[in-house]
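Requesting a structural model of the entry that follows:
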Amino acid sequence: MKIRFLGGAREVGRAAVAVKTEKTQLLLDYGVMINHEPGFPMHVPPKDVDAIILTHSHLDHSGAVPIFHIQEKKPVYGTKLTFDLANLLISDFIHLSSYYLPYEYLELQSMIRNCVHLNYREKQTLGDVQFELLDSGHLPGSAQALVEANGKRLVYTSDYNTMDTRLLRGADRDYGELDALIIESTYADEDHPDRKTLEKEFLESVTEVVENGGTVLVPAFSVGRSQEIACVLAAYHFEHLVTIDGMARKANRIMMKHSSYMQNPQLFMNAIHAATWVEGWMDRRTAAKKPGVIISPAGMLKGGPVAFYIQKVGKKHQNAVFLVGYQIPGTPGREMLDEGKCVIDGKMRKIKAQVRRFDFSSHSGASQLQDTVKEVEGNPTVYVMHGAEGNCERFAGWVKKEVGLQAVAPKAGDVFTV
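Numbers count the residues shown, from 1 in each chain. Model prediction:
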């Protein structure tokens, strides 16, 4: 088996790995880098690709897959929920960025028509390759890929989280003996707080603001984070108004059809039913004036209904903005976190509401990444990707020194033989 890294090497974004045998070439993800102009992985001639495995719906893993449906009709393997969510996210991406994209809605529709739905642990054979999907604990429907060919076994973790959350079970790590492990390293240099402690702290902070007559704005990603925050509030029987807005509403509808992917389907359904869904501008204006919690995309304050809410909520001392996701440098969310400023009424102003960040990450922290490598069976070479600011190199160095396995932080274009 040959592995070629096409993107996501020493960076976060445009994840793409090609796995090639004598007869078959599989792509593991084919995502985009979300900048002002989307960045794409290295090119692979579509005629040379037999199939694509899509591990989850996030654009940095899914956003370039429709390229393989411009002229070709390549099969794409993944869970049913991943494709329903990818359809939502890529449609929105086309709507926002179509000028820069080499494909349109037609190619996305072709991609969706060529999807092959797999359950977790359902073996699939393609040419001389066998593969299956394992739960990755990152997003509803998300997966790792276990690929076998010529007696060699490889796991691609993609984005993954080994910790249970209110929304999802932790990743399935029952890999058996491996010859290669391709692992992410987003948080290779830091640990996340204990989830239960974090939830309680979040709930106490939210309750305090709301019971003092304030509104808490929670900018959250539409897929995964919005639903998790709703589940956290429901799990602790939060009795005040919870409002959900933006694309999170469409994501809710999709996930409600696939509630079996959730850690606790009943809690999930209760949380979503208990929340008020914004239907129009009237609801939006009302929600911004009432004590309660508003969960709304975008998670980094780049567009979405949150841009409206921040104008209203940000002006008053009794309100709060609680950020629950990573804030990329240069985004409005990061500016607010670092400097307490955001655009209100067309001008950059100091925000009066309380601003805090709660680390509800859907990625493994350093300790979980380390445990995964320590516990892996066999004598695999570890390939570290999906990490910024030196994390890939740092984690590969740790693996070599502390675990004694071969470890590499590949560059884009590097090819290795398993």
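
contacts, neighbours, all on C-alpha from now
Will do.

which residues touch Ile229?
Ile295 (C-alpha atoms under 8 Å, 6 or more residues apart in numbering).

secondary structure class for it?
helix (DSSP: H, G, I helix; E, B strand; the rest coil).

Tell me how far it lies from Ser296.
Distance, Ile229 to Ser296, by C-alpha to C-alpha, to the nearest Å: 11 Å.

for the protein, what spans make up the helices?
Counting by DSSP state H, one finds helices in the chain at the ranges 59-62, 80-97, 105-113, 195-211, 225-235, 248-256, 265-274, 281-289, 306-313, 332-339, 366-375, 391-398.

who's in contact with the shortest one?
It stands for helix 59-62. By C-alpha under 8 Å, 6+ apart, helix 59-62 touches 12-16, 29-34, 54-56, 86, 89-90.

could you point out where the stretch 101-250 of the chain is predicted with low confidence?
Within the stretch 101-250 of the chain, no stretch has pLDDT under 70.

can you pull out the strands in it?
For the stretch 101-250 of the chain, the strands defined by DSSP state E, counting those that start in this stretch occupy 115-117, 124-126, 129-135, 143-149, 152-156, 177-184, 215-219, 242-244.

Return the set of buried residues in stretch 11-26.
Neighbour-count burial for stretch 11-26 flags 11-21, 24-26 (criterion: 16 or more other C-alpha atoms under 10 Å).

tell me the domain boundaries of this protein?
Structurally, the chain divides into domains by automatic domain parsing as follows: 2-190+362-417, 195-357.

what sits up against stretch 95-104?
Outside stretch 95-104, the residues that reach it (C-alpha under 8 Å, 6+ apart) are Glu37, Pro38, Pro66, Ile67, Ile70, Ile94.

mind listing what Leu126 touches?
Thr24.

and it, how far is that from Pro410?
With C-alpha to C-alpha as the criterion, Leu126 and Pro410 are 27 Å apart.

Distance to Met348 added to the helices of the chain, as a markdown table?
Shown next, in a markdown table, are the helices of the chain (distance: least, C-alpha to C-alpha, whole Å):
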| stretch | distance to Met348 |
| --- | --- |
| helix 59-62 | 29 |
| helix 80-97 | 24 |
| helix 105-113 | 36 |
| helix 195-211 | 25 |
| helix 225-235 | 27 |
| helix 248-256 | 27 |
| helix 265-274 | 35 |
| helix 281-289 | 20 |
| helix 306-313 | 11 |
| helix 332-339 | 10 |
| helix 366-375 | 36 |
| helix 391-398 | 33 |
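
before we move on, back to that, JSON lines for the contacts of stretch 95-104, including neighbour count, pLDDT and distance to Val155?
Conversion of those to JSON lines gives the following (neighbours: other C-alpha atoms under 10 Å; pLDDT from 0 to 100; distance: C-alpha to C-alpha, whole Å):
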{"residue": "Glu37", "neighbour count": "12", "pLDDT": "84", "distance to Val155": "31"}
{"residue": "Pro38", "neighbour count": "17", "pLDDT": "90", "distance to Val155": "28"}
{"residue": "Pro66", "neighbour count": "26", "pLDDT": "98", "distance to Val155": "24"}
{"residue": "Ile67", "neighbour count": "21", "pLDDT": "97", "distance to Val155": "25"}
{"residue": "Ile70", "neighbour count": "17", "pLDDT": "95", "distance to Val155": "29"}
{"residue": "Ile94", "neighbour count": "18", "pLDDT": "95", "distance to Val155": "31"}
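
Please identify the one among the residues you listed that lies nearest to Phe221.
Checking the contacts of stretch 95-104 against Phe221 by C-alpha to C-alpha gives Ile94 as the nearest, at 17.8 Å.

how about the nearest residue to the closest one, chain neighbours excluded?
Glu104 (6.6 Å; C-alpha to C-alpha, 6 or more residues apart in numbering).

buried sites along stretch 152-167?
For stretch 152-167, by 16+ other C-alpha under 10 Å, it's 153-163, 165-167.

This completes my enquiry, with thanks.
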